[in-house]
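Student: Here you go, sequence then predicted model.
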Amino acid sequence: MATSGVPSPWNEAPLVCAALLVAVVAWCAARAAEWAWLRPRRLGRALRAQGLRGTAYRPISGDAAVADRLALEARSRPPLPPGCHAVVPRAMPLFHRAMEEHGKTSITWSGPVPRVTIADPALVRQVLSNKLGHFEKPGFGQLQRLLHYGVSTHQGAKWARHRSIINPAFHLDKLKRMLPAFASCCGDLVGRWEGLAAAAGAGEAREVDVWPEMQRLTGDVISRAAFGSSYLEGRRIFQLQDEQVRLAMLVANKIHVPGYIMLPTRTNRRMKRIAAEIEGILGGMIAKREGAMRAGEAATGDDLLGLMLESNMEQCGGMSADDVIGECKMFYFVGMETTSILLTWTMVLLSMHPEWQDRAREEVLRVFPGGAAGTTAPDYDGLSRLKIVTMVLYEALRLYTPLPAVHRRTYKPVELGGVRYPAGVTLVLPLLSVHHDKDVWGPDAEEFRPERFSEGVAGAAGGADRPPAFFAFGGGPRTCVGQSFALLEAKMGLAMILRRFELELSPSYSHAPFPVPLLKPERGAQVRIRKLP
Ligand code: HEM
């Protein structure tokens, strides 16, 4: 049988496939070169051409690897003498060196990627306020998405929609309704400490590591405040997330490999199972609440989940069920560790500075009479009258800023402080360094002096005529949503602890602020507690 001379398109198929494959590989290679190699170099050249100088860190790949190396270096560094608050050189050696050598705007390189560190408070404020929309948060990696994915990671319209739904849950009148939950968790902690102190004998001191104690307290507070009566399920989520974070640390230095998280390694599989379990629990809780709300029950409660669902309903369902799950996961992440760090450093500082401990206790006992035996929980009016305690908390936030740095990326070309930045430059705003800057806070910047906040935050950095330079909660539109929540919780905790216990630094305490990624006490926070008569 004769075959026709017309060529079949199928005969060419392998050729076409091969050509397509070559084109795709070439395109990927060009993009990879552009993003991993050429583009960073171009950005670096554009910045250097304008006179910006910087410090190269030994080239290594990936942010997480840098973080690991910094962590190792910090661990090998000797602790600071107790009472020394000059923590920046120990906690942020890379940025500190860059600033010492090149001033308040400098470049740091880890590999070919330039990052500009900006430590001038006026420029920091300008970036955070983002008046013309030139700055965005840098992209978040696969690992971050697995851990939490909420308002703190979203951008643009999605961020604006989520933020407007979440904001009302943190209004003062709503926070006031959460106070009983705060008091009950603080009461549990105080009860446990009384047991420990009683076991030590009357008038005797007992050593506790306040760091895990404060983590437990703030974990309980966020569980109750976020999930109200479903608090025990909330606690389970907290345990799972804790394990998730520990696993995340194991894979952190491999995560820059594209698709790594998809590989079926044992750790990755466990992380995915955890994420699925958390989402299952949260999904069940949310469905139960939504069902109750649809049935017209006033079942939303005074907790964050209920308030968020209420606000979501008012705004005609701006968030999907998955979005609500993401936001709940985020509350744990951003809300728990930060506040526990604040409380831990505050207690360490009050143990180092007994004169301020006495002043704070006197104030607490004056506002909430009844002495160490006082059983009534502090109310909102009383907490808002605690001026000395507030000053102490602000000074702790200044010296031991829980989030030592925040990051932004230029979204469009922008001029800032006389330098023109192309789009795509990562900016590091080292809040901790700004808070320790002697040019801003005066020659006593490294000293614990809560009185600098006696007129509030605005005039704290060198008087009312100087612009504010306190950024512990960030600033601008992306300022911390939970600021009042955290301060109220910290005041409640401190008031209840101070009126019952005296704190002193334990001889076993080693002063080692540890920066990756939040400013934690690396070797614990051992404090001796003594029950007051
Ligand atoms: C002492 C405690 C806290 C400190 C020092 C702190 C600090 C910060 C800082 C510096 C930012 C800005 C990050 C940036 O600009 O990139 C931030 C954002 C945020 N914080 Fe807090 N925070 C604390 C407690 C809390 C609590 C208790 C919650 C919630 C329960 C919370 C929720 C958030 C959220 C949702 C954002 C993201 C806001 C946005 O991007 O629109 N924070 N926090």
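Tutor: Great, that's in hand.

Student: Residue 227 and residue 236 touch, don't they?
Tutor: No. Under the criterion of CB atoms under 8 Å, residue 227 makes no contact with residue 236, lying 10.3 Å away. Every residue, glycine included, has its C-beta placed from N, CA and C.

Student: now residue 156, nearest residue through space, not along the chain?
Tutor: Distances taken as CB to CB, 6 or more residues apart in numbering place residue 136 nearest to residue 156, at 7.9 Å, with adjacent residues excluded.

Student: on that earlier part again, out of residue 227 and residue 236, which sits in the more crowded spot?
Tutor: Neighbours were counted for residue 227 and for residue 236 using other CB atoms under 10 Å; residue 227 has more, 26 against 15.

Student: Excluding covalently adjacent residues, which one is nearest to the more buried one?
Tutor: Per CB to CB, 6+ apart, closest to residue 227 is residue 234, 3.7 Å.

Student: The one you found sits in which helix or strand?
Tutor: helix 231-251 (DSSP states H and E).

Student: What residues of that helix count as buried?
Tutor: 231, 234, 235, 237, 238, 240, 241, 244, 247, 248, 251 (16 or more other CB atoms under 10 Å).

Student: Let me see the mean pLDDT of the helix or strand just after it.
Tutor: For helix 231-251, the succeeding helix or strand toward the C-terminus, using DSSP H and E, is helix 266-294. Helix 266-294 carries an average pLDDT of 86.

Student: Can you check what angle separates helix 266-294 from helix 231-251?
Tutor: Interaxial angle, helix 266-294 versus helix 231-251 (axes from the mean of the first three to the mean of the last three CA atoms, to 10 degrees): 150 degrees.

Student: Would you mind pulling up the elements that helix 266-294 packs against?
Tutor: helix 142-147, helix 231-251, helix 304-314, helix 321-352 (3 or more CB pairs under 8 Å, 6 or more residues apart in numbering; DSSP states H and E).

Student: right, and the helix or strand after the last one?
Tutor: Beyond helix 321-352 on the C-terminal side, the first helix or strand identified by DSSP H and E is helix 354-367.

Student: before we move on, what about the first one?
Tutor: Going down the chain from helix 142-147, the next helix or strand is helix 156-166, by DSSP H and E.

Student: List the buried residues in that next one.
Tutor: Those would be 159, 161, 162, 165, 166, for helix 156-166 by 16+ other CB under 10 Å.

Student: Run through the residues that contact the closest residue to residue 499 other than its chain neighbours.
Tutor: Residue nearest to residue 499 in three dimensions, not counting chain neighbours: residue 364, with 5.1 Å by CB to CB, 6+ apart. Counting by CB atoms under 8 Å, 6 or more residues apart in numbering, residue 364 touches 386, 389, 494, 495, 498, 499.

Student: tell me which element the second one falls in.
Tutor: Using DSSP H and E, the element containing residue 389 is helix 387-399.

Student: can you pull the buried residues of that helix?
Tutor: So, applying 16+ other CB under 10 Å, buried residues of helix 387-399: 388, 389, 390, 391, 392, 393, 394, 395, 396, 397, 398, 399.

Student: same question, stretch 88-97
Tutor: 88, 90, 91, 92, 93, 94, 95, 96, 97.

Student: Would you check how far apart residue 512 and residue 319 are?
Tutor: 41 Å (CB to CB, to the nearest Å).

Student: Among these two, which residue is more densely surrounded?
Tutor: The neighbour count for residue 512 versus residue 319, taken as other CB under 10 Å, is higher for residue 319 (22 against 19).

Student: picking up where we left off before, switch the buried residues of helix 231-251 over to JSON lines; also include pLDDT and distance to residue 45.
Tutor: As requested, these are arranged in JSON lines below (pLDDT from 0 to 100; distance: CB to CB, whole Å):
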{"residue": "231", "pLDDT": "69", "distance to residue 45": "55"}
{"residue": "234", "pLDDT": "74", "distance to residue 45": "51"}
{"residue": "235", "pLDDT": "75", "distance to residue 45": "52"}
{"residue": "237", "pLDDT": "82", "distance to residue 45": "47"}
{"residue": "238", "pLDDT": "78", "distance to residue 45": "47"}
{"residue": "240", "pLDDT": "88", "distance to residue 45": "46"}
{"residue": "241", "pLDDT": "83", "distance to residue 45": "42"}
{"residue": "244", "pLDDT": "84", "distance to residue 45": "40"}
{"residue": "247", "pLDDT": "82", "distance to residue 45": "40"}
{"residue": "248", "pLDDT": "78", "distance to residue 45": "35"}
{"residue": "251", "pLDDT": "71", "distance to residue 45": "34"}
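
Student: Residue 444 should be in a helix, yeah?
Tutor: No. Going by DSSP: H, G, I helix; E, B strand; the rest coil, the assignment for residue 444 is coil, not a helix.

Student: Quickly list what residue 526 is bridged to.
Tutor: residue 209 (DSSP bridges).

Student: distance of it from the ligand?
Tutor: 22 Å (CB to the nearest ligand atom, to the nearest Å).

Student: And that residue, what's its pLDDT?
Tutor: 97.

Student: just residue 530 next, same as before
Tutor: At residue 530, the model reports a pLDDT of 95.

Student: residues contacting it?
Tutor: Residue 530 neighbours (CB under 8 Å, 6+ apart): 197, 203, 204, 205, 206, 501, 502, 504.

Student: Which residue would be the closest one in the stretch 101-250 of the chain to the ligand?
Tutor: In the stretch 101-250 of the chain, the residue that lies nearest the ligand is residue 152 (3.5 Å; CB to the nearest ligand atom).

Student: make that the stretch 351-500 of the chain, sorry
Tutor: residue 482 (2.1 Å).

Student: For burial, what's the neighbour tally of the closest residue to that residue other than its chain neighbours?
Tutor: Excluding the flanking residues, the one nearest residue 482 by CB to CB, 6+ apart is residue 335, at 5.3 Å. Burial of residue 335 is recorded as 23 neighbouring residues (other CB under 10 Å).

Student: what separates residue 335 from residue 320, distance-wise?
Tutor: Distance from residue 335 to residue 320, by CB to CB: 22 Å.

Student: what's the answer for residue 89, then?
Tutor: 46 Å.

Student: and what of residue 152?
Tutor: 18 Å.

Student: Same question for residue 135.
Tutor: Residue 135 is 27 Å from residue 320, by CB to CB.

Student: ok, now residue 366?
Tutor: Counting by CB to CB - residue 366 and residue 320 are separated by 50 Å.

Student: Around the ligand, pick out the residues from the stretch 301-450 of the chain.
Tutor: Contact residues, the stretch 301-450 of the chain versus the ligand (CB under 6 Å from any ligand atom): 331, 334, 335, 338, 339, 342, 402, 403, 406.

Student: same thing with the chain?
Tutor: By the rule CB under 6 Å from any ligand atom, the part of the chain lying against the ligand is 151-152, 163, 331, 334-335, 338-339, 342, 402-403, 406, 472-474, 478, 480-482, 485-486.

Student: all helices of the stretch 401-533 of the chain, in order?
Tutor: 431-435, 438-441, 483-498 (DSSP state H, counting those that start in this stretch).

Student: packing partners for the last one?
Tutor: In terms of contact count using 3+ CB pairs under 8 Å, 6+ apart, helix 483-498 is assigned the packing partners helix 172-200, helix 210-227, helix 321-352, helix 354-367, helix 380-384, helix 387-399.

Student: Figure out which of the ones you listed is closest to residue 25.
Tutor: Closest of the helices and strands packed on helix 483-498 to residue 25 is helix 321-352, at 34.5 Å (criterion: CB to CB).

Student: quick one: that closest one to helix 387-399, angle?
Tutor: Inter-element angle recorded for helix 321-352 and helix 387-399: 100 degrees (by the same axes, to 10 degrees).

Student: how much distance is there from helix 321-352 to the middle of the chain?
Tutor: 7 Å (CA atoms, centre = their mean, to the nearest Å).
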